[in-house]
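In: Pasting the sequence and the predicted model now:
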Amino acid sequence: MFVLFRVLRKSIPLVAKQRLTWILILVICIIAYGTLGFHFIEGQPWTVSFYWTFVTIGTVGYGDYSPETTLGMFFTISLIVLGIGTFALAVESLVNLIFKKQQMKIMGLINVERSKHIVICGWTESTVECIKEIGKSGEIFVLDEDEQVRKNALKTGANFVHGDPTRIKDLEKANVKGAQAVIVDMDSDSKTIHCILSIRKLDQDVRVIAEAQRYENIEQIKLAGASQVISPNVISGRLMYKSIDDGYEAMFVQDVLAEHKSRELREVKISPESQFNGLSLLEADIHERTGVVVVGVGRDGELTIDPPRSYTLETGDVVLGIGKAEEFEKLENTKVT
């Protein structure tokens with residue numbers, strides 16, 4: 001199956017390109033045939049012969065020309081037949097080309113040309129939820145070579161790129177260099193590390209988020225080049241432990257991360273124009289002004305949970321808060337006047 005994908009990826013665009021080239025050559029030959037015929041058979045000037053050729057091929061029939069000789073009549077008939085036949089062939093080829101390109105996209109055989117997209121390498125149980133959360137905020141391309149993964153990806157509305165996420169050539173197909181972020185979501189930590197190392201050979205700066213299947217492999221995955229490592233097993237285990245008593249801690253975490261809740265956990269970056277830039281949390285009084293409850297501030301890759309009221313906000317700081325959508329809009333759009 002893998003060999004078949006490689007053959008199709010190379011052969012289909014080549015065949016389509018060759019066919020269009022031959023049709024273009026055929027059109028030029030028919031135009032030349034008509035122009036020469038009208039010039040030598042009907043004795044018309046070159047410009048008039050060229051014009052009559054297009055009128056005849058297009059079956060427009062303005063009424064300003066009719067053959068004056070018997071040979072001219074038969075020649076005109078042959079030109080009409082050739083012209084209509086070529087037009088039908090061109091339309092058929094164009095439709096086939098569009099259809100084949102769409103089929104290639106569905107099969108994951110087209111190289112990604114866009115940028116600022118999100119690449120997901122591999123597929124696990126958490127991938128579907130990840131795609132749902134990304135939603136319409138970015139175009140997603142799933143890179144994998146499994147047929148079932150292709151079907152699953154298309155069902156979620158994501159694009160599919162056929163290839164091995166650990167191979168540099170296939171990562172180039174997904175345009176990892178131009179991606180906003182790469183999510184490595186593979187079923188084994190060894191594959192995850194291999195994939196990240198390949199990504200870092202292509203791009204040292206792209207943000208890479210990886211899932212760790214085992215807690216003891218988190219540091220190794222970070223050393224391979226992951227910007228951030230998530231361990232669902234560790235998180236779910238701790239949530240279950242927190243649920244042994246009343247379970248409010250686990251309930252809190254699930255609620256702020258759940259869909260369709262009135263309040264959610266979200267990040268807001270402090271811009272240079274923000275009214276809160278340069279103010280301490282006490283002076284900013286974000287909760288009073290916007291309604292957002294500040295639970296942490298990120299700076300230079302470090303997160304300060306429950307920062308002191310004396311903490312001064314700077315440009316580029318990321319405020320982590322809990323609030324409603326409209327409250328976060330206030331926080332984002334509060335500018336210096």
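Out: Cool, the structure landed.
In: quick one: the strands in the stretch 151-300 of the chain?
Out: With strands called from DSSP state E, counting those that start in this stretch, the stretch 151-300 of the chain shows them at 159-162, 181-184, 207-211, 228-230, 264-269, 293-299.
In: okay, now Pro308: neighbour count?
Out: 9 (other C-beta atoms under 10 Å). For the C-beta atoms, the positions are set from N, CA and C on the backbone; glycine is no exception.
In: these two touch, right, it and Leu281?
Out: Yes: if you go by C-beta atoms under 8 Å, Pro308 and Leu281 touch, sitting 7.5 Å apart.
In: ok but Gly321 is inside a strand, no?
Out: Yes: looking at Gly321 with DSSP: H, G, I helix; E, B strand; the rest coil, it is inside a strand.
In: That one and Ser66: what is the separation?
Out: 81 Å (C-beta to C-beta, to the nearest Å).
In: More neighbours: which of these two?
Out: Gly321 (24 against 9).
In: Just tell me which of the strands of the stretch 151-300 of the chain ends up closest to Phe54.
Out: strand 159-162 (41.8 Å; C-beta to C-beta).
In: So which elements touch that closest one?
Out: helix 70-107, strand 140-144, helix 147-156 (3 or more C-beta pairs under 8 Å, 6 or more residues apart in numbering; DSSP states H and E).
In: ranges for the helices of this protein?
Out: 2-41, 46-57, 70-107, 127-134, 147-156, 168-173, 189-202, 218-224, 232-242, 248-257, 281-284, 286-290, 325-333 (DSSP state H).
In: Quick check: which of those helices is buried the most?
Out: helix 189-202 (a mean of 20; mean count of other C-beta atoms under 10 Å).
In: Please list the outside residues in contact with that one.
Out: 121-122, 165-168, 171-172, 176-177, 182, 184, 186, 206, 208, 210-214, 217, 220-221, 224-226 (C-beta atoms under 8 Å, 6 or more residues apart in numbering).
In: Which residue, other than its chain neighbours, is closest to Ala179?
Out: Excluding the flanking residues, the one nearest Ala179 by C-beta to C-beta, 6 or more residues apart in numbering is Val119, at 4.9 Å.
In: Kindly apply the preceding question to Leu89 instead.
Out: That would be Ile23: by C-beta to C-beta, 6+ apart, it lies 6.1 Å from Leu89.
In: hang on, isn't that neighbour packed against Ala90?
Out: Yes: in this structure Ile23 lies within contact range of Ala90 using C-beta under 8 Å: 5.2 Å.
In: Okay, the residue nearest the centre of the chain and Glu129: tell me how far apart.
Out: Centroid check for the chain by C-alpha atoms, centre = their mean gives Glu139 as the closest residue, at 3.8 Å. In this view, Glu139 and Glu129 are 18 Å apart by C-beta to C-beta.
In: how near is Lys242 to Val256?
Out: Noted for Lys242: a distance of 14 Å to Val256, by C-beta to C-beta.
In: do Glu273 as well
Out: 28 Å.
In: What of Thr312?
Out: Relative to Val256, and taking C-beta to C-beta, Thr312 is found at 26 Å.
In: and what of Val176?
Out: From Val176 over to Val256 (counting by C-beta to C-beta), the distance is 31 Å.
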